[in-house]
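**Q** The amino acid sequence is not available; the structure is as follows:
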């Protein structure tokens, strides 16, 4: 029979691996000084954006990151930290974190990983200012539709001029 400590380590490690495989990436935060009710509110808000906050011992997190070949994230895990795995849009998750950080200065965004790219604090802040995918799709549709609309307006104007010209010719003959 396994000791409880070893069982907790194995369970936590497998949960990190499973969460990482099911997500687009992760963001590492330091939460020292943030109250428990505030952390609960952050968890609820993150759930709404398709992300999960997972707090685990740093030694376990570092070991799992090493196993996954993510050595670049290990320096961010030197003090108590939380791992936020996002399945939804990373823009939504970064927006939630940056908004929360404005109200709770004790929360520190350490960095993270988006697909295969390491993220810095600056990357996360820039991501939080980007428009959502739906807004970008709308802009693309408008951009693609714009030349067609302009062509229709030009052609309509030309046809209108032709009709006016033919009408004037008709009036002149009578």
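**A** That came in fine, so what should we check first? In this text, all values refer to a predicted model and were calculated from it rather than measured experimentally.
**Q** Quick one: mean pLDDT for stretch 23-30?
**A** The average pLDDT for stretch 23-30 rounds to 89.
**Q** Could you pull out the strands in this structure for me?
**A** Here the chain has its strands, by DSSP state E, at 25-30, 51-55, 81-86, 108-114, 117-119.
**Q** what does the domain assignment say about this protein?
**A** What automatic domain parsing lists as the domains of the chain is 4-130, 131-174.
**Q** First-to-last residue distance for the first one?
**A** From the first residue to the last, domain 4-130 extends over 45 Å; the measure is C-alpha to C-alpha, to the nearest Å.
**Q** Output the below-cut-off pLDDT ranges for this protein.
**A** Low-confidence segments of the chain, defined by pLDDT under 70: 1, 174.
**Q** Show me which helix runs longest in it.
**A** The longest helix of the chain (DSSP state H) is helix 133-173.
**Q** export the strands of the chain to CSV and tack on mean neighbour count?
**A** In short, each C-beta sits where N, CA and C put it, glycine included. CSV is the format used below for the strands of the chain (neighbours: other C-beta atoms under 10 Å):
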stretch, mean neighbour count
strand 25-30, 23
strand 51-55, 19
strand 81-86, 24
strand 108-114, 21
strand 117-119, 15
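**Q** Include distance to residue 145 when you put those into a markdown table, please.
**A** Output for these, formatted as a markdown table (distance: least, C-beta to C-beta, whole Å):
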| stretch | distance to residue 145 |
| --- | --- |
| strand 25-30 | 33 |
| strand 51-55 | 34 |
| strand 81-86 | 32 |
| strand 108-114 | 31 |
| strand 117-119 | 32 |
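**Q** wait, which of these is closest to residue 173?
**A** Each of these has some distance to residue 173 by C-beta to C-beta; the shortest is strand 108-114, at 72.3 Å.
**Q** Show me what the closest one is packed against.
**A** strand 25-30, helix 90-103, strand 117-119, helix 121-129 (3 or more C-beta pairs under 8 Å, 6 or more residues apart in numbering; DSSP states H and E).
**Q** Other residues contacting the last one?
**A** If you take C-beta atoms under 8 Å, 6 or more residues apart in numbering as the criterion, helix 121-129 is touched by 27, 90-91, 94-95, 97-99, 109-112, 114, 119.
**Q** next one: the longest one
**A** Helix 90-103 is touched from outside by 24-25, 27, 29, 42, 45-46, 48-51, 84, 86, 107-109, 114, 124-125, 127-128, 130-133, with contacts defined as C-beta under 8 Å, 6+ apart.
**Q** what's the spacing between the residue most central in space within the chain and residue 141?
**A** Central residue of the chain (C-alpha atoms, centre = their mean): residue 90, 1.3 Å from the mean position. Distance, residue 90 to residue 141, by C-beta to C-beta, to the nearest Å: 23 Å.
**Q** now residue 103
**A** Residue 103 is 35 Å from residue 141, by C-beta to C-beta.
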